[in-house]
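Asker: Please find the sequence and the predicted model below.
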Amino acid sequence: MITMGIDIGSTASKCVLLRDGKEIVAQSIIPVGTGTSGPQRAVDAVFGEAGVCRGDIACLAATGYGRNTFEGADMQVSELSCHAKGVFATFPSARTVVDIGGQDAKVIRLSPQGKMMKFLMNDKCAAGTGRFVSVMAKVLDVELEQMGELSEQSVNRVEISSTCTVFAESEVISLLANRVCPADIAAAIHRSVANRVGGLAQRLGVMDEVVMTGGVARNRGVVKALEAELGTRILVSPVAQLNGAYGAALYAYERATGV
Ligand code: ADP
């Protein structure tokens with residue numbers, strides 16, 4: 001049995017095809033989100049990869065910011081529930097989930113049975129989100145995917161004091177003008193994200209194991225900075241950016257099998 005999860009985010013559209021509620025048989029990440037061609041392209045990509053069509057899908061669950069505007073889903077599930085579901089399936093010992101996406105950050109507390117107990121979210125400000133890192137990577141003239149590696153070469157600590165993205169951008173420009181090494185600036189950018197999200201996590205209460213999901217979890221620099229901020233080890237979901245879609249596909253499997 002094949003089930004499908006689609007996570008339509010603010011900045012990326014993600015799809016997962018799951019066989020028998022266990023094995024991921026196809027996956028896609030299209031770097032544009034709700035209101036664009038992204039969702040359809042993400043669907044087409046997994047259908048093409050697995051050689052299946054809509055009629056082969058037992059149940060399709062949509063999640064994410066754009067879940068209600070996606071036609072053709074059998075069910076909609078909140079992204080908080082999907083992240084909880086995906087993480088618990090991968091790490092049953094997880095009690096705290098930190099999800100950093102393109103335009104928001106969420107911290108979720110799981111019960112020992114994997115149910116979402118409470119959460120906190122920042123969706124009011126770009127600080128502490130993927131958007132912050134993307135804006136700063138552009139100023140640094142560095143590919144987003146290289147930011148993690150670059151920050152690991154940092155030797156001197158510099159600070160970015162503004163949390164506001166616009167002011168922080170000016171600070172980065174002025175650091176560059178003062179010939180501060182880009183690696184040190186990249187590390188400061190990651191610490192800024194970690195500081196912001198760490199504050200959210202501490203308000204909720206951090207309980208081990210901590211698992212990170214979302215596109216920003218692919219950035220080792222942010223993960224390490226958050227580990228330092230929280231003083232604890234962070235496990236990164238192997239499907240990081242796809243975790244919401246994976247959770248949705250698991251919900252779809254439960255619906256299809258009546259479990
Ligand atoms: P959303 O669900 O809000 O659309 P995602 O969880 O898909 O967000 O994450 C999107 C963000 O992930 C992007 O804004 C980008 O900052 C970050 N991202 C994606 N891929 C990478 C990567 N390889 N390295 C670093 N950051 C990444």
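Answerer: Cool, got the structure. Because the structure is predicted, anything quoted here is derived from the model rather than measured. Residues are numbered from 1 along each chain as shown.

Asker: Check the residue sitting furthest away from the middle of the chain and give its pLDDT.
Answerer: For the chain, the largest distance from the centre (Cα atoms, centre = their mean) belongs to N178, which lies 33.3 Å off. In this model, N178 is scored at 96, pLDDT.

Asker: Let me see the contact set for it.
Answerer: Taking Cβ atoms under 8 Å, 6 or more residues apart in numbering as the definition of contact, N178 has no neighbours. To be clear about C-beta, it is placed using only N, CA and C from the backbone, and glycine gets the same treatment.

Asker: please redo it, this time with the cut-off set to 10 Å
Answerer: Counting by Cβ atoms under 10 Å, 6 or more residues apart in numbering, N178 makes contact with V158.

Asker: With the one 10 residues further on instead?
Answerer: Going by Cβ under 10 Å, 6+ apart, A188 touches 136, 151, 154, 156-161, 168, 171-172, 175, 180, 225.

Asker: if you set the cut-off to 6 Å instead, what comes out?
Answerer: By Cβ atoms under 6 Å, 6 or more residues apart in numbering, the residues touching A188 are V158, E159, I160.

Asker: Which members of the residues you listed are classed as buried?
Answerer: The neighbour-count test (16 or more other Cβ atoms under 10 Å) applied to these identifies V158, I160 as buried.

Asker: Filter the contacts of A188 down to the ones in helices?
Answerer: Among the contacts of A188, none falls in helices (DSSP state H).

Asker: Between the contacts of A188, which sits nearest the ligand?
Answerer: I160 (16.8 Å; Cβ to the nearest ligand atom).

Asker: What is the subsequent helix or strand relative to the top helix by length along the chain?
Answerer: Under DSSP H, the helix in the chain containing the largest number of residues is helix 182-204. Under the assignment DSSP states H and E, the closest C-terminal helix or strand after helix 182-204 is strand 210-213.

Asker: strands paired with that next one, and their directions?
Answerer: For strand 210-213, the paired strands and their directions (DSSP bridges) are strand 96-100 (parallel), strand 234-236 (parallel).

Asker: Show me the contact partners of the following helix or strand past the longest one.
Answerer: Elements were assigned by DSSP H and E; along the chain past strand 96-100, the next helix or strand is strand 105-110. The set of residues external to strand 105-110 that reach it, using Cβ under 6 Å, 6+ apart, is 80, 84, 94-95, 97-99, 116-122, 128-129, 197, 200-201, 204.

Asker: So how do I select the buried members of those residues in ChimeraX?
Answerer: A single ChimeraX command selects the buried members of those (16+ other Cβ under 10 Å):
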select :80,84,94,95,97,98,99,116,119,120,122,128,129,197,200,201,204
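
Asker: and the single nearest residue of the stretch 151-259 of the chain relative to the ligand, how many neighbours?
Answerer: Nearest residue of the stretch 151-259 of the chain to the ligand (Cβ to the nearest ligand atom) works out as G215 at 2.0 Å. Taking other Cβ atoms under 10 Å as the neighbour definition, G215 ends up with a count of 24.
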